[in-house]
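1. Mind looking at a prediction? Sequence and model below.
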Amino acid sequence: MSFNNDNHSNEESAEFVIGRHPALETLKNNQNINKVFIQDQLKADALFDIASIAKKRGIIVNKVPKGKLDLLADNQNHQGVVVAVAAYKYETLDGLLTNVENENKTPFFLILDGIEDPHNLGSIMRTADAAGVQGIIIPKRRAVQLTSTVAKTSTGAIEHVPVVRVTNLVQTVKLLKKQGVWIFGTDMEGTDFRKWNAQGAVALVIGNEGKGISPLLKKECDEMLTIPMIGHVQSLNASVAASLLIYQGFTSRGN
């Protein structure tokens with residue numbers, strides 16, 4: 001959704017969303033937008049729609065040169081639009097549990113143990129939104145946070161999937177277990193993920209791209225799941241593995 005950029009001043013020190021689809025999702029769902037910057041003399045229906053929605057909401061729309069957008073977006077592919085927003089607010093664990101309870105839903109959470117690649121986090125968020133995951137829990141340290149790359153890769157999903165940051169994943173898992181949530185981890189050895197029945201309150205733990213799930217967190221898992229592979233490459237990208245597991249959970253929950 002948004003990201004800190006400490007390299008510039010004034011507008012450049014704000015938080016930004018870049019790209020057309022993320023910008024549209026932000027305009028539709030975020031109430032804390034400061035300004036919209038659109039590339040001058042660039043004509044596209046998507047940019048017209050963005051400007052139209054912004055003006056209807058009373059949000060300032062600035063037409064600026066491409067160089068200005070390049071600066072705001074740190075030379076990432078902004079597609080002619082940058083949206084300046086207030087800082088992203090992470091959800092609390094209590095808030096997440098309360099929201100799920102108020103919506104009369106059965107918890108289906110993701111716990112990401114040290115995901116470092118922002119593209120992986122963005123892709124995981126996109127799949128999580130598509131499959132009805134109600135929240136993602138990440139650690140505050142030694143893991144990617146919500147950045148511009150995450151926002152763009154998620155293609156707007158960052159606006160819809162609550163993210164909780166916690167100091168200690170092990171303690172968080174223990175709290176979830178006390179709330180009746182079953183914890184499923186991922187490993188090279190475990191139950192074939194195709195046999196996973198994710199009905200009931202569950203949380204799926206996805207480990208670090210290289211190291212997997214930390215030993216202490218693995219001990220707290222109720223069951224380990226594995227993705228069988230018969231090819232020469234015996235590993236999958238973290239976001240690909242997460243997608244397979246999330247959709248198995250989605251399917252087994254009767255969706």
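-> Received, thanks. Numbering: from 1, shown residues only.
2. Can you show me the helices along the stretch 51-200 of the chain?
-> Counting by DSSP state H, counting those that start in this stretch, one finds helices in the stretch 51-200 of the chain at the ranges 66-72, 93-102, 118-130, 148-153, 169-178.
3. can you put those helices in JSON lines and add mean pLDDT and distance to V36?
-> C-beta here means a position set from N, CA and C on the backbone, and glycine is covered the same way. Putting the helices of the stretch 51-200 of the chain into JSON lines (pLDDT from 0 to 100; distance: least, Cβ to Cβ, whole Å) gives the following:
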{"stretch": "helix 66-72", "mean pLDDT": "92", "distance to V36": "11"}
{"stretch": "helix 93-102", "mean pLDDT": "94", "distance to V36": "29"}
{"stretch": "helix 118-130", "mean pLDDT": "94", "distance to V36": "22"}
{"stretch": "helix 148-153", "mean pLDDT": "77", "distance to V36": "15"}
{"stretch": "helix 169-178", "mean pLDDT": "97", "distance to V36": "37"}
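4. what about Q39, how many neighbours?
-> Q39: 21 surrounding residues under other Cβ atoms under 10 Å.
5. and if you look at L245?
-> Neighbours of L245 (other Cβ under 10 Å): 24.
6. Surely it is within a helix?
-> Yes - under DSSP: H, G, I helix; E, B strand; the rest coil, L245 sits within a helix.
7. closest to L47 out of the helices of the stretch 51-200 of the chain?
-> Among the helices of the stretch 51-200 of the chain, the nearest to L47 by Cβ to Cβ is helix 66-72 (11.4 Å).
8. Could you export that closest one as CSV, CA atoms only?
-> What follows is helix 66-72, C-alpha atoms only, in CSV (Å, rounded to 0.1, in the frame of the first residue of the first chain):
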residue,chain,number,x,y,z
LYS,A,66,8.0,12.1,-15.9
GLY,A,67,11.2,13.0,-14.1
LYS,A,68,9.3,14.0,-11.1
LEU,A,69,7.5,10.7,-10.9
ASP,A,70,10.8,8.8,-11.5
LEU,A,71,12.1,10.7,-8.5
LEU,A,72,9.1,9.9,-6.3
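9. export the helices of the stretch 51-200 of the chain to CSV and tack on distance to L236 and mean neighbour count?
-> Output for these, formatted as CSV (distance: least, Cβ to Cβ, whole Å; neighbours: other Cβ atoms under 10 Å):
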stretch, distance to L236, mean neighbour count
helix 66-72, 35, 17
helix 93-102, 28, 14
helix 118-130, 11, 23
helix 148-153, 17, 25
helix 169-178, 22, 17
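10. who wins for proximity to L110 among the ones you listed?
-> Proximity to L110 (Cβ to Cβ) singles out helix 118-130 among the helices of the stretch 51-200 of the chain, at 5.8 Å.
11. what sits up against the closest one?
-> Identification of contacts with helix 118-130 by Cβ atoms under 8 Å, 6 or more residues apart in numbering yields 110, 112, 115, 133, 136, 138, 144, 146-147, 149-155, 157-158, 160-161, 163, 206, 209, 237-239, 242-243, 246-247.
12. Thanks again, I'm all set now.
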